[in-house]
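Asks: Quick check, what structure comes out for this input:
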Amino acid sequence: MKIDESLLRRLWPRGDRRVAGLVAGTAAASESVFARFGITTPTLAAHVMAQLSHECGAGQEVVENLDYTAARMMQVWPSRFPTLAGAAPYAHDPRALANKVYNGRMGNRAGSDDGWSYRGRGAAQTTGREGYARLAALTGLDLVNDPDLVNDPRYFLLCGVADFVACGCLPFAQADDIVGVTRRLNGGTIGLAERRAWLANWKAALAEAPVVIASPQPSPPRTEVPPQSQTQPSPPLSRWSQFVAVLRAAFRRS
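Replies: As a prediction, the model looks like this:
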């Protein structure tokens, strides 16, 4: 499964706005990343890309914006900022606000700069020291010491898909259950309507995209072709093997 760069540019027309080369890097990595995590069908790829498209604003919102007014802070974190006076010191001070609302949880140390260092970034808006450490273990990247790597065009999709899988989204994507996917990734259903729209767009786009078939690999001779499942079509490589087997059988009978 692969996403063509021209297709991604059509759906993410301003995808390079924040990070130069993000669209090309994401497209180039798609085949290997999807294979690594078992994203083998257009439906699964559509669910992944729909969620990531929403989370990162189609490449335009790759770092969490924490530049809030005091009034907005009271709306977003009412228990932390019950009064305007309490919120005012953090207004338009993203670093101070990140440490205020994120430290002491998600693996962030109290009294540290962790809230700011591990604020939301990347395709899946990974947040918190624990979140970055989990991705580091899954990807082999040193994200704890260099959290900005999640926005490196070479690793942007890798980190986003790893987060998607680590959150337990894959079984719900396999069931084509966008509500379940959203709850696992988001913790709720924030932005569900927009995520549904993205899913519809990605399903349509991937249905139009040409099928990319890897070069066939040698396989042992087979004397008969197993019947194809009516519910789960065989992948392209299996169909190639079946075709070769049929030819061999035909030559043996001739």
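Asks: Can you give me the neighbour number for Arg95?
Replies: By other CB atoms under 10 Å, the residues close to Arg95 number 14. To be clear about C-beta, it is placed using only N, CA and C from the backbone, and glycine gets the same treatment.
Asks: let me redo that: Ala205
Replies: With other CB under 10 Å as criterion, Ala205 counts 19.
Asks: Now it: closest residue in space, sequence neighbours ignored.
Replies: Leaving aside its sequence neighbours, Ala205 sits nearest to Leu7 (CB to CB, 6 or more residues apart in numbering; 5.7 Å).
Asks: Please identify the helix or strand for that neighbour.
Replies: Using DSSP states H and E, Leu7 sits in helix 5-11.
Asks: Report the mean confidence score over that helix.
Replies: Averaged across helix 5-11, pLDDT comes to 97.
Asks: Stretch 88-101 too?
Replies: 98.
Asks: so who does Tyr90 touch?
Replies: When contacts are counted by CB atoms under 8 Å, 6 or more residues apart in numbering, Tyr90 touches 68, 70, 73, 81, 96-97, 100.
Asks: Now it: phi and psi?
Replies: With angles defined as degrees, to the nearest 10, Tyr90 sits at phi -100, psi 0.
Asks: how about stretch 32-44: buried residues?
Replies: Residues of stretch 32-44 classed as buried: 33-34, 37, 39, 41-44 (neighbour count, 16 or more other CB atoms under 10 Å).
Asks: Kindly report the same for stretch 50-59.
Replies: By neighbour count with 16+ other CB under 10 Å, stretch 50-59 contains the buried residues 50-56, 58-59.
Asks: Please flag which of those residues sit within helices.
Replies: 50-55 (DSSP state H).
Asks: could I get those residues as CSV with pLDDT and distance to Thr139?
Replies: Below are these laid out as CSV (pLDDT from 0 to 100; distance: CB to CB, whole Å):
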residue, pLDDT, distance to Thr139
Ala50, 98, 22
Gln51, 98, 18
Leu52, 98, 15
Ser53, 98, 20
His54, 98, 22
Glu55, 97, 17
